[in-house]
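Visitor: 3D, please:
(4 chains)
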2 protein chains.
Amino acid sequence: MKHINIKALALELNLSVSTVSKALNDSYEISEETKQRVLETAARLNYVPNPYASSLRGRKSKNIAVVIPEVADSFFSLAINGIESVAKTKGYHVLICLTHESFENEKTILKEFQGGRVDGVLLSVSTETTNCSHISDLITNGLPIVFFDRACDDVETAKITTDDFESAYKATEHLIQQKADRIAFLSISKSLSISNKRLEGYLKALEDHHIKVDQKYIVDCTNDPEQNYKLIKKLLQQKHKPNGIVASVEKLTTPIYTACKDLQIKVPEDLKIVCFSNLEIAAILNPSLTTITQPAFEMGKMAATLLFKALENRNFSLVKEDFMIQSTLVVRDSSS
Amino acid sequence: MKHINIKALALELNLSVSTVSKALNDSYEISEETKQRVLETAARLNYVPNPYASSLRGRKSKNIAVVIPEVADSFFSLAINGIESVAKTKGYHVLICLTHESFENEKTILKEFQGGRVDGVLLSVSTETTNCSHISDLITNGLPIVFFDRACDDVETAKITTDDFESAYKATEHLIQQKADRIAFLSISKSLSISNKRLEGYLKALEDHHIKVDQKYIVDCTNDPEQNYKLIKKLLQQKHKPNGIVASVEKLTTPIYTACKDLQIKVPEDLKIVCFSNLEIAAILNPSLTTITQPAFEMGKMAATLLFKALENRNFSLVKEDFMIQSTLVVRDSSS
DNA sequence: CTAAATTACGAAAACGGTTTCGTAAATAAA
DNA sequence: TTTATTTACGAAACCGTTTTCGTAATTTAG
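Guide: Residues are numbered from 1 along each chain as shown, chains lettered A, B, ... in the order given. Here you go, the predicted structure:
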C-alpha cells in the first residue's frame, strides 16, 4: 500500500488538486456536494495530508515546544499534561525537549527552533543556565516564548511562576513554629531565579524570627543523587546538626529520608522536614512528607493559554504578562 | 530580524542555492574553500535550515514517535530517557504522544502518522486497546513500529518486553514463601497482554504450590485513583481478607498504602505486598516496598535501537525481533 | 598536443500541500 | 434583453530545501 497524496486523491475524484485542497479545508468556493464527495473519498482512501508540506507552505508548523530539564519529575510531567490539554483544543502538537539540566543542550535545542520547527516555546530553564542571550535571540527572531516555573528574570516575556519567596517563607516559619531553630536549606542552583527566591524567603523568615543565619546550614545540591546523599549526610552529622530542613526540590526527598534512616535520625522528633514536591506519594511516606505543592497542571495550562494568545493575535505582547500562582503548604507528619 | 533562508544565504555569498545546499551537506562536488566560506557565513547569519522543507523534499522526517499512555509514570519517563539517548546519536527528534489510556486517542494519534509526520513509532498500547487493526494498518503502510512493554500479540513486529509471567510467578512465590496463603492479584486490564501474562504467572505459582484460586482475590483496577482506592478497600474488608497482594502496576501503590493505613492493617505482619514499580521512592516508603523493577531505560534503548536498525536498513525485517528482558524482584520490608 | 576525465558550480525540477488569480457558467440586477 | 454579480472550479505560483543534470574550466591520460 503506497502513500496516497492529494494528487492521487484528485485523480481518483476527477477533480483538480486545488479543488480537493479547498474542499478538505472547507472553503466557501466549493459546493457542498463536491465537499461531501471529496471527504468521502479521502476517508475511503485513508488520505492524511502531509504535515510538512502544509507547514512549509503556510509558514507555520502547528507545533509548540516544551523545553524542560527532565520528564521524570512530577512537576514537569503534570505540567506537560496541562499544556497538552490546551494544545489539543487548538489542534497543535507538543514537542517535548529535554535539556537534562545541561546549558549546552538547552542552547542546541533552542537554536534549532530558529529554523521554524515550532511556532512557540514553553520553557523552564536548566539549573546551569545563567546567561540567557540564547533565549533573547529567539524572541528577537520573532518566536514567542513563555516561561513557566524556572524563568530568566532578565528576559522580557511572559512568565508563569509560583510565589517562591512566600512559599519558602511560610515553610520556614512553619518549622520555626514547630520549635525548630536550626533550620537547613537545600538549594538546587546558585543561579536559578526560583532557587534564589526560595532562599531569600527562607532567609527572611529566619530574620523575622530573630534566628541567626548559619552558612553551614545552606547546602547547594547537585544533579547527582549520590553526591546529594553525601552532602545531606554530612549536613546531618555536624556537631550542631539542624533540626529542620527546607528542601527546595523534589528529588532531594529520597536522599534526605535515606540519610535519616541510615543515621537513625527520628523524623519529626529530631528533624522536621518540608520539601517542595508534587509527588502524590508524599502522603504515604513514613512519616508522611510535608510539602509545598505547586499547581503544576494549572501552570502548564496557563502558560500554554498565554502562548496561544500570542500565536493567534500577532499584536498581543507577551512582555508584561507575568503571573504568579500560589503554591500550597500541605502539612503532614514529617514536620509536626 | 527576519527569518533567513538558503536563498538569502546564497545571495550573501554570491553563490547559487544549490551550491550552498551542497556545501552545507558536505558534498564532494564542492571545494573545501567554498565549504569553509559557506559554513562561516551560515554561522554568522545564524542560518538554520527549515526542517519541514528538508523533510518534504527528502521524504523523511527525521522524527520518531513515542506513543505511551502517560508521562507521569516512572517506567515511561525512564523509557523515554533511554529512547532519547539513542535518538540523539542518530540525529533524530522524538515526538512524545500521550494516549491517556484512551483507545480513541491512540487511534487518532496513529492515524495522523499516515501523513508522514514520523519515520517510525515506538508504542506501548493503552489499557483500552483490544483491537489492533489500527496498528497493523500503519505497518502495511510501511511505517516501522516497535512495541515496548505493552505489546499486541497479534501484530507481527518487534517487541521489547519483560518476563511478565516469570516475574509475577516469582513475586507470588516469594509471598508464599513468606507464609502468605491468601494472595490477591490487582490487574490493570483484561485485554493487555502484559496484564494477562502477569495474571497467568500468579495463577501458575498458586497452582504449583497447591493454593486454590479464589476469584474474590482477583481485582480489575481502573484508571481512576478514587475508584481503585474503593476496590482495594473492599478487597481488604472481606471476611477472609487476603494476607498478600501482588499489584501489577505502579499507580496502585498509593491506594494500597492508604487503604492499609485507613483500615489499620499492619504491613508486612497482616499483609505482604509486592508491586510492579520503578519508583525510586519505593525504598523509602514505610515499610519500604518490595518491587518488581523493570529495566525501563534499557528497554527504551533497545526498542529505539531496533527501530533505527529498520530505518537504516530497509530490508531488515522487524517481524521476528522479539526480546524479553528480565525484571528484578527487589525484596524490601513490605513483604518480609 | 589532443582527447578524456575530473572538478566545481548553476539551472531547474522535484517534494506535497495552499493560495492567488483567472474564467466559464449560472444567476441576479437593471 | 443586456449587464453585473455570484458560483464553482482549474492552472500555476509558491513555501525552502535537495537532487539531478548540464556544462564550462581545469586537469590528467594517451
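Visitor: C-alpha from now on. contacts and neighbour counts both.
Guide: Will do.
Visitor: need the residues of chain A near chain B, please.
Guide: Residues of chain A lying near chain B by C-alpha under 8 Å from any C-alpha of the partner chain: A:1-3, A:47-53, A:55-56, A:71-74, A:77-78, A:94-96, A:111-112, A:114-117, A:140-142, A:254, A:257-258, A:280-281, A:284-287.
Visitor: Quick one: residues contacting A:Lys241.
Guide: A:182, A:235 (C-alpha atoms under 8 Å, 6 or more residues apart in numbering or on different chains).
Visitor: And it, its phi and psi?
Guide: Main-chain torsions, A:Lys241, degrees, to the nearest 10: phi -70, psi 150.
Visitor: Ok, A:Val246 next?
Guide: phi -110, psi 110.
Visitor: neighbours around it, how many?
Guide: Neighbourhood size, A:Val246 [other C-alpha atoms under 10 Å in any protein chain shown]: 26.
Visitor: Please apply the same query to A:His174.
Guide: 19.
Visitor: quick one on the thing from earlier: out of the residues of chain A next to chain B, who's near DNA strand D?
Guide: Among these, proximity to DNA strand D is found for A:53, A:56, A:115 (C-alpha under 7 Å from any atom of the strand).
Visitor: For the first one, pull up the helix or strand it's in.
Guide: Pointing back at A:Ala53 there. Element membership for A:Ala53, per DSSP states H and E: helix A:51-58.
Visitor: who does the following helix or strand past that helix pair up with?
Guide: The element immediately downstream of helix A:51-58 (helix or strand, assigned by DSSP H and E) is strand A:63-68. In the sheet, strand A:63-68 lines up against strand A:93-98 (parallel), strand A:120-123 (parallel) (DSSP bridges).
Visitor: Please list all residues in contact with A:Ile145.
Guide: Contacts of A:Ile145 (C-alpha under 8 Å, 6+ apart): A:120-123, A:139, A:157-158, A:307.
Visitor: Out of these, which is nearest to DNA strand D?
Guide: A:Gly120 (17.0 Å; C-alpha to the nearest atom of the strand).
Visitor: What's opposite the closest one in the beta bridge?
Guide: A:Ile64.
Visitor: Write out the residues of the stretch 1-150 of chain A neighbouring DNA strand D.
Guide: The stretch 1-150 of chain A comes close to DNA strand D at residues A:14-20, A:28-31, A:33-34, A:53-54, A:56-59, A:115, as judged by C-alpha under 7 Å from any atom of the strand.
Visitor: can you give me the strands for the stretch 101-250 of chain A?
Guide: A:120-123, A:145-148, A:159-162, A:183-187, A:218-220, A:244-247 (DSSP state E, counting those that start in this stretch).
Visitor: got JSON lines for those strands, with mean pLDDT too?
Guide: Below are the strands of the stretch 101-250 of chain A laid out as JSON lines (pLDDT from 0 to 100):
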{"stretch": "strand A:120-123", "mean pLDDT": "98"}
{"stretch": "strand A:145-148", "mean pLDDT": "98"}
{"stretch": "strand A:159-162", "mean pLDDT": "98"}
{"stretch": "strand A:183-187", "mean pLDDT": "98"}
{"stretch": "strand A:218-220", "mean pLDDT": "97"}
{"stretch": "strand A:244-247", "mean pLDDT": "98"}
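Visitor: closest one to B:Asp149 among the ones you listed?
Guide: Among the strands of the stretch 101-250 of chain A, the nearest to B:Asp149 by C-alpha to C-alpha is strand A:120-123 (30.2 Å).
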